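Visitor: fold the following.
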Amino acid sequence: MKIRIKGNSLRYRLTRTDIETFTKNGYLEEQTNFGGDILTYAIKSGDTNQLSASFKNNNITLLMPAHMVKEWAETERVGFDNKTDDFFLLVEKDFKCLDNVAEDQSDNYPNPLANK
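Guide: Numbers count the residues shown, from 1 in each chain. From the prediction side, this is the model:
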């Protein structure tokens, strides 16, 4: 699972295994150690109608409605978003990059633009 933050937007990208684990457990988290402080970012399935996020005690948690999790895991749907006046949230499947990158992409979804 990866996060990307820019201004007032937050994007989560999950690999195949991430989505399988998240669908099964309803929760997935990663941590980044900043040499004394740890940032935890998580995604949690819940009883809500839209994507929402919170940031407390160095923990970013994206709450995703359970019906979205099911649709996401069982269909070709790429992702979901929620835009308010103050914030933009996006959660999506992580596709293989079209250019050469150093990171391992073996668990990423095939890029639909690869054959074009």
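
Visitor: which SS state does the residue lying closest to Ser52 once chain neighbours are set aside fall under?
Guide: Distance criterion C-beta to C-beta, 6 or more residues apart in numbering; nearest residue to Ser52, sequence neighbours excluded, is Leu63 at 4.9 Å. Using the backbone N, CA and C atoms, a C-beta is placed for each residue, glycine as well. Classification of Leu63 using DSSP: H, G, I helix; E, B strand; the rest coil returns strand.

Visitor: ok, now which ones touch Leu63?
Guide: 44-46, 48, 51-54 (C-beta atoms under 8 Å, 6 or more residues apart in numbering).

Visitor: rerun at 7 Å
Guide: With contact set as C-beta atoms under 7 Å, 6 or more residues apart in numbering, Leu63 has these partners: 44, 46, 48, 52.

Visitor: give me the beta-bridge partners of it?
Guide: Beta-bridge pairing for Leu63 (DSSP bridges): Lys44, Ser52.

Visitor: look up how far Leu10 lies from it.
Guide: Distance, Leu63 to Leu10, by C-beta to C-beta, to the nearest Å: 12 Å.

Visitor: same question, Gly35
Guide: 23 Å.

Visitor: more crowded one of those two?
Guide: Leu10 (20 against 5; other C-beta atoms under 10 Å).

Visitor: quick one: residues contacting the more buried one.
Guide: Leu10 makes contact with 3, 53, 89, according to C-beta under 7 Å, 6+ apart.

Visitor: 6 Å instead, please
Guide: 53, 89 (C-beta atoms under 6 Å, 6 or more residues apart in numbering).

Visitor: bridging residues for it?
Guide: The partner residues for Leu10, given DSSP bridges, come to Ile5, Leu89.

Visitor: tally up the residues packed near Asp94, please.
Guide: 20.

Visitor: find the nearest non-adjacent residue to it, please.
Guide: Asp94 sits nearest to Arg13 (C-beta to C-beta, 6+ apart), 4.1 Å away.

Visitor: contacting residues around that neighbour?
Guide: 2, 92, 94.

Visitor: same question for Leu51.
Guide: Going by C-beta under 6 Å, 6+ apart, Leu51 touches 64, 80, 82, 89.
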